[in-house]
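A.B. asks: after the sequence you'll find the predicted model.
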Amino acid sequence: MTQRIVALCREMGAGEGQEELLLLLAQTVERDLARRLKPGVQPEDCSCAFPLAAAMLVLDALEVCSGSMENVTSFTAGDLTIRKEAGSGRERHDQAMRLLAPWLGETGFCFRGVKG
């Protein structure tokens, strides 16, 4: 599964020269997502959604690790100001989680009854 995730990352634009980092991130994301699945559900049960969601999350992590200037909308050298387009990484993360939603276990949401 890890190699499939790495291959998808390449297809989605992951740069060359970051082989070791890409592999480590793919392994880490794969383990993390597998732990979030409902009991009894394996990554293979999620069809192509699991490796695709994992690749999206790896690209987010890779962007953070590399300090990417992607989505920078403004840069000022005097009194250093860098502005990034809002939400770009978070949107990809949310999209990956929505993609896996049918197979995910608890996602942090808690519903509590209200006495009336």
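C.D. replies: Sure, I can see it.
A.B. asks: the helices in the chain, which residues?
C.D. replies: Ranges of helices in the chain, per DSSP state H, are 2-11, 19-36, 49-66, 88-100.
A.B. asks: mean neighbour count, mean pLDDT and distance to Gln42 for those - can I get that in a markdown table?
C.D. replies: (Each C-beta comes from the backbone N, C-alpha and C, glycine too.) Formatted as a markdown table, those follow (neighbours: other C-beta atoms under 10 Å; pLDDT from 0 to 100; distance: least, C-beta to C-beta, whole Å):
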| stretch | mean neighbour count | mean pLDDT | distance to Gln42 |
| --- | --- | --- | --- |
| helix 2-11 | 17 | 92 | 14 |
| helix 19-36 | 16 | 91 | 8 |
| helix 49-66 | 21 | 87 | 9 |
| helix 88-100 | 16 | 81 | 13 |
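A.B. asks: just put these in a markdown table and tack on distance to Val114.
C.D. replies: Listed next are the helices of the chain as a markdown table, based on distance: least, C-beta to C-beta, whole Å:
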| stretch | distance to Val114 |
| --- | --- |
| helix 2-11 | 42 |
| helix 19-36 | 28 |
| helix 49-66 | 34 |
| helix 88-100 | 27 |
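A.B. asks: which one of those lies nearest to Glu106?
C.D. replies: Closest approach to Glu106 among these (C-beta to C-beta): helix 19-36, 8.0 Å.
A.B. asks: what angle do the closest one and helix 88-100 make?
C.D. replies: 50 degrees (axes from the mean of the first three to the mean of the last three C-alpha atoms, to 10 degrees).
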